[in-house]
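Chemist: Need the 3D shape of this:
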Amino acid sequence: MKRFGTLVAVVLLAIFAAAACNDYGNTFQSPGGAIVTFLSPKQIPACPAPCTNNSGFTLTVNGSGFVPKTLVQWNGKTCPASSSSGATNAPCTTTVTLDSNNNVTLLTATISSALIAQPGSAVVNTINPGSNYGTGTNGLSNTVTFIINNPANLTPTVTSLAPACAVVGSSLAITVTGTNFMNVPASSDPTQTQFSTLNWTLGSSQLQLTPSTAVPATITATQITATIPATSINAAGTATVTVSNPPSPPVPNVPGSTGSGGGTSAPPAAVTVQTTTCPAAAKAPANSVSTAAVAEETPAVSLDGRFVAYTAFGDQHAQIFLRDTCEGALTSCQPRTSLLSATTSGDAGAGDSHTPSMSSNGRYIAFSSDATDLVENAPPGRQIFLRDTCAGAADSCKPSTLLVSTDSEGALVGAENILPSVSSSGRFVAFVAVTPSHSANQPMAEAAAAVAPNSGYRQVFVRDTCLGVSSCTPKTTRISLEPGDGGGRGANPGGPALGGKGKHVAMAGAKTSTLFTPSVAVDDSVFLAITNDQH
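Modeler: Residues are numbered from 1 along each chain as shown. Next up is the predicted model:
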């Protein structure tokens, strides 16, 4: 019996010890402070990067039982009074507004951007000072959940539209230029897919085009191209064109999250629809790339014929586009066109791009471009780029662009690099580098000793990008030693043709054609220096 009494005493002592403190470090007590009924706002978009303390917001706490020294708590952390010392650097502060009778008329908290940098939720409550709550209570109010949504999508704007005229009963290829256009590709979570919608309205006829519709639209951050079918151009009048962005997607596993932002461009752009032929479009500026020259460029096609890369005008420059025809693909595939000569943000490159060359599976496309915004720190002049389209790759693959015309110093300084040819795997890229010629009065041997190894007239290089292999160091090899360094125009090579495995490079000159082969038999994982074995 004595042992039983001792055991009961120990158990009771343990219970009181465990109950001594709660999450706020106070003696265990029941909530006895104010009553919070709702928050205003009750949700807000996460602070877009970079977040600064200047981009916070003011939270109004509504309820009853507030006193002059009530403080707001955010996720269990007390927000000090805005007038107190040390509150300047606090992540949140409390402001209490009183009337003439010292009654609380407004309770707010200033929440810094650091507290809303990540989507999710936060817990908000208040705490009253000790003299304002009774025995057995801790002055805490009930808690209310505050939602931090994904960053808000921007509202698009339309700055121009071409053409501004259409003929009844004819389809219309239209280009809309503006800002804040969206095309976020599908991910493992389909609810996170985001894209702009092109809206066409003519009388009672309405059409919405997206990258996934039967008549798809091609979207970059500043441009949308689409074809309005003839069925939607069925009467004379004025058609309006707008672009809409959806709100950001809700935060997963956060009940009540709605997303935010988005909207429709205003005012709408207008297209005149008439029964007669539209006026001829104005001619391109004299310094622009010739339309005929672009039209004559040879497109590149994948081995199975599904993918086609080609040059076309877009955003006032010649651009490289990729058309997925869905030839031989699953029935769920929707034909679409995407921009290859794109910046990291998806904008069209600010320069002219030409001569695409495609790997056998259509995933890698090499092209030349004088745009300096396709990769970071791109050198001036025409360079060779390799675009990974992620065609056939896993969903985790993100399209990217790689500078190919580079050497051990980082770039082929002073060279204009053109006419790429890519191997079937996409690993090797051959191209022509046009560099300053030797002086006409300088002996060739003396010139070769006085200038960098890549100097001459027109030379051919092969870049091993090491794509798809490990323990490999990317390198650039000059192979047109004799033709490239020749003193006459007849020795200058044309564009190279790279063999499917990257083993052979053929070039056409003014008088002869040359085929270079490796010094020993190698597979596609190695490219060695070229010997004098020419055929």
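
Chemist: For Leu339, report the pLDDT, please.
Modeler: Leu339 is assigned a predicted lDDT (pLDDT) of 88.

Chemist: and it, what are its bridge partners?
Modeler: Counting by DSSP bridges, Leu339 is bridged to Phe321.

Chemist: Now for it, how many residues are close by?
Modeler: With neighbours defined by other CB atoms under 10 Å, the count for Leu339 comes to 26. All C-beta atoms are positioned from the backbone trio N, CA, C, and that covers glycine.

Chemist: mind starting the numbering at 419 from now?
Modeler: Fine by me, first position is 419 from now on; the one you just mentioned is Leu757.

Chemist: Now do the contacts for it.
Modeler: The contact partners of Leu757, by CB atoms under 8 Å, 6 or more residues apart in numbering, come to Thr636, Thr638, Gly732, Gln737, Ile738, Phe739, Leu740, Gly764, Ala766.

Chemist: any idea how far the last one lies from Gln692?
Modeler: Between Ala766 and Gln692 the distance is 30 Å, computed by CB to CB, to the nearest Å.

Chemist: Neighbour count for those two, which is higher?
Modeler: A side-by-side neighbour count of Ala766 and Gln692, using other CB under 10 Å, places Ala766 first with 23 against 13.

Chemist: how about Val586, phi and psi?
Modeler: phi -60, psi 130 (degrees, to the nearest 10).

Chemist: per-residue confidence for it?
Modeler: At Val586, pLDDT is 90.

Chemist: So it versus Val633, what's the distance?
Modeler: Distance from Val586 to Val633, by CB to CB: 18 Å.

Chemist: Over to Cys696?
Modeler: 21 Å.

Chemist: Same question for Ala644.
Modeler: 7 Å.

Chemist: Ok, Gly723 next?
Modeler: Distance from Gly723 to Val633, counting by CB to CB: 22 Å.

Chemist: Tell me which of these two has more neighbours.
Modeler: Ranked by neighbour count (other CB under 10 Å), Gly723 and Val633 place Val633 first, with 15 against 11.

Chemist: Let me see the confidence value for the more buried one.
Modeler: 74.

Chemist: Hmm, it is touching Pro647, no?
Modeler: Yes: Val633 is within contact range of Pro647, at 5.6 Å (criterion: CB atoms under 8 Å).

Chemist: Using CSV, write out every CA atom in stretch 576-596.
Modeler: Once non-C-alpha atoms are left out, stretch 576-596 reads as follows in CSV (Å, rounded to 0.1, in the frame of the first residue of the first chain):
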residue,chain,number,x,y,z
VAL,A,576,-0.3,44.1,-76.3
THR,A,577,1.8,46.8,-78.0
SER,A,578,1.3,45.8,-81.7
LEU,A,579,-0.5,43.4,-84.0
ALA,A,580,0.2,42.4,-87.6
PRO,A,581,-1.4,42.2,-89.9
ALA,A,582,-4.3,44.5,-89.0
CYS,A,583,-6.5,43.4,-91.9
ALA,A,584,-8.2,40.1,-92.8
VAL,A,585,-10.4,38.9,-95.7
VAL,A,586,-13.7,37.2,-95.0
GLY,A,587,-13.5,33.4,-95.6
SER,A,588,-9.7,33.3,-95.4
SER,A,589,-7.4,32.2,-92.6
LEU,A,590,-5.1,34.8,-91.0
ALA,A,591,-1.5,34.2,-89.7
ILE,A,592,-1.3,36.7,-86.9
THR,A,593,1.6,38.0,-84.8
VAL,A,594,0.9,39.7,-81.5
THR,A,595,3.7,41.6,-79.8
GLY,A,596,3.6,42.7,-76.1
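
Chemist: Now for Thr656, how many residues are close by?
Modeler: 13.

Chemist: what do Ala644 and Val633 both touch?
Modeler: Leu627.

Chemist: where does the nearest residue to Thr573 once chain neighbours are set aside land on pLDDT?
Modeler: Leaving aside its sequence neighbours, Thr573 sits nearest to Gly681 (CB to CB, 6 or more residues apart in numbering; 3.8 Å). As predicted, Gly681 sits at a pLDDT of 91.

Chemist: would you list every one of the helices in the chain?
Modeler: Taking DSSP state H, the helices of the chain run over residues 420-436, 709-713, 862-868, 899-902.

Chemist: Between the ones you listed, which has the poorest mean confidence score?
Modeler: helix 862-868 has the lowest average pLDDT among the helices of the chain, namely a mean of 34.

Chemist: Which pLDDT value belongs to Ile637?
Modeler: At Ile637, the model reports a pLDDT of 89.

Chemist: so what's it bridging to?
Modeler: Bridge pairing for Ile637 - DSSP bridges - gives Ile642.

Chemist: Against Leu572, how distant is it?
Modeler: 14 Å.

Chemist: more neighbours, these two?
Modeler: Using other CB under 10 Å, the more surrounded residue of Ile637 and Leu572 is Ile637, with 26 against 16.

Chemist: From Val661, how far off is that one?
Modeler: 9 Å.

Chemist: Equivalent analysis for Gly886, please.
Modeler: 39 Å.

Chemist: In terms of neighbours, single out the busier of the two.
Modeler: Per other CB under 10 Å, whichever of Gly886 and Val661 has more neighbours is Val661, with 26 against 12.

Chemist: Show the pLDDT at the spatially closest residue to the more buried one that is not a sequence neighbour.
Modeler: Nearest residue to Val661, sequence neighbours excluded (CB to CB, 6+ apart): Pro574, at 4.3 Å. What the model reports as pLDDT for Pro574 is 92.

Chemist: Low-confidence regions, the stretch 819-953 of the chain specifically.
Modeler: 826-832, 853-875, 898-953 (pLDDT under 70).

Chemist: mind running it again at 80?
Modeler: 825-833, 852-877, 896-953 (pLDDT under 80).

Chemist: Relative to Asp765, how far out is the residue nearest to Ala570 when sequence neighbours are not counted?
Modeler: In this structure, Ala570 finds its nearest non-sequential neighbour in Gly679, 2.8 Å apart by CB to CB, 6+ apart. From Gly679 across to Asp765, the span is 20 Å (CB to CB).

Chemist: repeat for Ser720
Modeler: Distance of Ser720 to Asp765, given as CB to CB: 26 Å.

Chemist: The two - which one has more neighbours?
Modeler: Using other CB under 10 Å, the more surrounded residue of Ser720 and Asp765 is Ser720, with 23 against 18.

Chemist: I'd say the more buried one and Ser775 touch.
Modeler: No: applying CB under 8 Å, one finds Ser720 not in contact with Ser775, separated by 11.5 Å.

Chemist: right, and Arg805 touches Phe785 too?
Modeler: Yes: counting by CB under 8 Å, Arg805 does reach Phe785; the two are 7.3 Å apart.

Chemist: Identify the contacts common to those two.
Modeler: Residues touching both Arg805 and Phe785 (CB under 8 Å, 6+ apart) are Ile738, Leu758, Ser759.

Chemist: possible to save those residues as CSV with distance to Gly746?
Modeler: Below are the shared contacts of Arg805 and Phe785 laid out as CSV (distance: CB to CB, whole Å):
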residue, distance to Gly746
Ile738, 23
Leu758, 21
Ser759, 26
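
Chemist: and of these, the nearest to Thr513?
Modeler: Ser759 (52.8 Å; CB to CB).

Chemist: Now that closest one: closest residue in space, sequence neighbours ignored.
Modeler: Ser771 (3.9 Å).

Chemist: Alright, calling it a day.
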